[in-house]
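J.: no sequence on this one, just coordinates:
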């Protein structure tokens with residue numbers, strides 16, 4: 001038999017030749033089937049890379065609004081008078097585990113001195129209070145230990161101790177460098193808090209995402225005066241550039257999203273040799289009503 005199956009207009013009558021034709025057709029069907037499966041797989045991969053399934057994309061990136069909701073709740077609690085207790089701060093619900101022993105400790109000793117400020121007598125040591133603060137040095141974590149010896153006067157028995165220095169979060173663990181690292185990683189490097197928690201865990205430090213969310217929320221209260229100052233500086237300009245960007249926002253209770261807006265106001269006087277440095281001010285609204293830029 002010469003030629004392939006495509007050249008056969010009629011089936012041969014010889015049984016041997018007929019069996020050969022059948023084997024040829026079976027092999028060709030098998031090869032075509034494999035080719036179809038290969039092309040189907042390539043097309044599926046191409047479509048997935050180009051368009052992507054919504055559910056698959058969310059699962060792969062693990063994009064949720066949970067940590068932003070936690071930040072919003074903590075920020076609201078920070079500014080609510082009821083959140084401030086007689087001790088000066090509210091008890092937070094998340095767990096706080098001891099800082100690992102393997103981290104380097106840097107001790108800062110705040111001594112009230114050797115003489116009593118009341119009578120001038122010599123002070124003797126009674127004990128000490130140790131406050132541990134988790135700090136971040138680029139590339140590694142360290143623990144700053146603020147040691148405050150309690151001293152007693154040998155003459156008048158007065159007890160003195162140096163006060164704690166001002167810290168970003170009262171009775172909180174993070175130092176200013178640690179807070180800056182978390183904020184820059186989240187908002188400049190777009191690294192979600194759950195991923196930061198995993199990265200920090202590789203250094204042997206157990207920090208839950210809820211703890212990081214609480215830190216971010218309290219940092220927003222610290223940075224709010226700076227944001228207000230930037231807004232005043234921008235609005236003092238003779239000319240402003242303004243634009244709005246649509247963003248998806250969860251609509252509570254509807255299991256859907258709606259379109260909110262981030263308004264951007266830019267003051268840039270460099271084209272006409274202005275002396276003010278360029279700066280930008282952001283505002284968020286749940287819709288695009290014209291009343292928003294007017295109020296801004």
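T.: In hand now; what should we look at? Since we're looking at a predicted model, the values are computed, not measured. Numbering: from 1, shown residues only.
J.: hey, let's count contacts and neighbours off CA atoms from now on
T.: Will do.
J.: Give me the pLDDT value at residue 56.
T.: We have a pLDDT of 45 for residue 56.
J.: Could you do residue 123 as well?
T.: 91.
J.: Work out for me the element it sits within.
T.: Assigned by DSSP states H and E, residue 123 belongs to strand 123-137.
J.: Can you give me the buried ones in that strand?
T.: By 16 or more other C-alpha atoms under 10 Å, the buried positions in strand 123-137 come out as 123, 124, 132, 133, 134, 135, 136.
J.: tell me the mean pLDDT for stretch 24-34?
T.: Mean predicted confidence for stretch 24-34 is 88.
J.: Report the distance from it to the chain centre.
T.: Relative to its parent chain, stretch 24-34 has a centroid offset of 54 Å by C-alpha atoms, centre = their mean, to the nearest Å.
J.: Next: stretch 162-175.
T.: For stretch 162-175, the separation from the chain centroid amounts to 23 Å (computed by C-alpha atoms, centre = their mean).
J.: and if you look at stretch 157-174?
T.: Relative to its parent chain, stretch 157-174 has a centroid offset of 29 Å by C-alpha atoms, centre = their mean.
J.: Which of the buried residues of strand 123-137 scores worst on pLDDT?
T.: residue 136 (87).
J.: For residue 70, list the residues it contacts.
T.: 210, 213, 214 (C-alpha atoms under 8 Å, 6 or more residues apart in numbering).
J.: Please, which helix or strand holds it?
T.: helix 66-79.
J.: Past that helix, which element shows up next along the chain?
T.: Taking DSSP H and E, what comes next after helix 66-79 is strand 104-109.
J.: strand partners of that next one, parallel vs antiparallel please.
T.: Sheet pairing of strand 104-109 (DSSP bridges) gives strand 140-153 (parallel).
J.: And for the strand it pairs with, what's in contact with it?
T.: By C-alpha under 8 Å, 6+ apart, strand 140-153 touches 103-112, 115-116, 121-136, 158-164, 203.
J.: If we use 6 Å, what do you get?
T.: When contacts are defined by C-alpha atoms under 6 Å, 6 or more residues apart in numbering, strand 140-153 is touched by residues 103-110, 116, 121-135, 158-161.
J.: chain center to it: distance?
T.: 30 Å.
J.: So which elements touch the helix or strand that that strand is followed by?
T.: As assigned by DSSP H and E, the chain's next helix or strand after strand 140-153 is strand 159-160. Under the contact criterion of 3 or more C-alpha pairs under 6 Å, 6 or more residues apart in numbering; DSSP states H and E, strand 159-160 touches strand 140-153.
J.: State the mean pLDDT of the strand it packs on.
T.: Averaged across strand 140-153, the pLDDT comes to 92.
J.: next one: the strand holding residue 123 to chain centre, how far?
T.: With C-alpha atoms, centre = their mean, you get 30 Å for strand 123-137.
J.: name the helices or strands packed onto that strand?
T.: Checking 3+ C-alpha pairs under 6 Å, 6+ apart, strand 123-137 ends up next to strand 140-153, helix 176-187.
J.: Return the set of buried residues in the shortest one.
T.: By neighbour count on 16+ other C-alpha under 10 Å, the buried set for helix 176-187 is 178, 179, 182, 183, 186.
J.: before we move on, the earlier item: figure out which of the helices and strands packed on strand 123-137 is closest to residue 35.
T.: Taking C-alpha to C-alpha, helix 176-187 is the member of the helices and strands packed on strand 123-137 nearest to residue 35, at 46.2 Å.
J.: Can you pull out the residues in contact with that closest one?
T.: Here helix 176-187 has contacts from 135, 136, 191, 192, using C-alpha under 6 Å, 6+ apart.
J.: just curious, which of the buried residues of helix 176-187 is nearest to residue 236?
T.: Nearest to residue 236, judged by C-alpha to C-alpha, of those is residue 183 at 28.0 Å.
J.: Please render the contacts of helix 176-187 as a markdown table that adds distance to residue 43 to the earlier fields.
T.: Listed next are the contacts of helix 176-187 as a markdown table, based on distance: C-alpha to C-alpha, whole Å:
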| residue | distance to residue 43 |
| --- | --- |
| 135 | 50 |
| 136 | 47 |
| 191 | 32 |
| 192 | 32 |
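J.: For the strand or helix carrying residue 24, buried residues please.
T.: For residue 24, the element it lies in under DSSP H and E is helix 15-50. For helix 15-50, burial by neighbour count (16+ other C-alpha under 10 Å) applies to residue 21.
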